[in-house]
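Chemist: A predicted structure for the sequence below; I have some questions about it.
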Amino acid sequence: MPRITVVPTDGSLGPRSRASVDRLPLDVEVAGAGEARGDLLLFLESGDVLVASGVLALLASLDTSGADAAVGSASTSGTPAALLTAVAATSVDATPELLEHPTVAAVLWRRSWWEQQSLRWPDRPEQRRGVLARALAAADAVDVLPEPVVEAQARSPRLRKAELHLRAEDMAAVARGLDDLHDVAGSLPPATRAHWYQNVLEPAISEALPG
């Protein structure tokens, strides 16, 4: 059985997050990316709670397809239709909707491929969306599965936390995040840049500045 290394992007896992990892019926270790011994990598933020069936689906798909990564989605409002249909070994050129995928913890990566890219998750959460998009764009083959991998994906949109008020002290982080999303365009295949601007950057600006 392949080993999965769960890498905490915030340095450690919260109690519920760690419990969800321990419940996985798989060979799993928790370690930093530099100490990983697993065949596969799964990056978790401290509040992410895994859905075991989703992780198992990603693992089974990679075992069959040989792709660089597998992405899980869920049938909730706002998810692009292209990410709600199972497809093996696609890419951002064939499926530009991959660039809209926001959930770092819902992607299972081959460690050998990841290490070749010299990528790392930034300490600031608002910049991780850009790293995720760059990584998906660099992959030659990505499996897409309509399976929730973390609890937040399976949750009804009405039950999700809504950030309706932007405080002045939050603006620096928001601005850094928008700058980073803008910079991502330079690393994308030219044919996908218009999709990125229209479906990722513009909605992010609208969400930050609803007025």
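Modeler: Good, I have the coordinates. Keep in mind that what you see is a predicted model, and the values were worked out from it rather than measured.
Chemist: make it CA atoms for all contacts and neighbour counts henceforth
Modeler: OK.
Chemist: what about Val144, distance to Ala81?
Modeler: According to CA to CA, to the nearest Å, Val144 and Ala81 sit 11 Å apart.
Chemist: Which one's more surrounded, these two?
Modeler: Set Val144 next to Ala81 and count neighbours by other CA atoms under 10 Å: Val144 wins out with 26 against 11.
Chemist: Which of the helices or strands spans that one?
Modeler: In the assignment (DSSP states H and E), Val144 maps to strand 142-145.
Chemist: Give me the sheet partners of that strand and which way each runs.
Modeler: Partner strands for strand 142-145, per DSSP bridges, with pairing direction: strand 69-72 (parallel), strand 87-90 (antiparallel).
Chemist: Turn those strands into a markdown table, including mean pLDDT and distance to Asp48.
Modeler: Listed next are the strands paired with strand 142-145 as a markdown table, based on pLDDT from 0 to 100; distance: least, CA to CA, whole Å:
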| stretch | mean pLDDT | distance to Asp48 |
| --- | --- | --- |
| strand 69-72 | 97 | 14 |
| strand 87-90 | 97 | 25 |
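Chemist: Which among the ones you listed is found nearest to Leu209?
Modeler: strand 69-72 (29.0 Å; CA to CA).
Chemist: What segments of the protein are helices?
Modeler: 15-22, 52-65, 111-117, 128-138, 151-154, 171-184, 193-196, 202-208 (DSSP state H).
Chemist: Would you mind finding the most buried of those?
Modeler: Greatest average neighbour count among the helices of the chain goes to helix 128-138 (a mean of 21), per mean count of other CA atoms under 10 Å.
Chemist: for the most centrally placed residue in the chain, what are its contacts?
Modeler: Most central in the chain under CA atoms, centre = their mean is Val104, positioned 2.5 Å from the mean C-alpha point. Val104 sits next to Phe43, Leu44, Arg128, Arg129, Leu132 when contact means CA atoms under 8 Å, 6 or more residues apart in numbering.
Chemist: okay, these in TSV with distance to Leu201 next?
Modeler: As requested, the contacts of Val104 are exported to TSV (distance: CA to CA, whole Å):
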residue	distance to Leu201
Phe43	23
Leu44	24
Arg128	14
Arg129	11
Leu132	14
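Chemist: Tabulate the residues you listed in a markdown table, adding columns for distance to Arg37 and pLDDT.
Modeler: Shown next, in a markdown table, are those (distance: CA to CA, whole Å; pLDDT from 0 to 100):
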| residue | distance to Arg37 | pLDDT |
| --- | --- | --- |
| Phe43 | 14 | 96 |
| Leu44 | 17 | 95 |
| Arg128 | 23 | 90 |
| Arg129 | 25 | 89 |
| Leu132 | 22 | 94 |
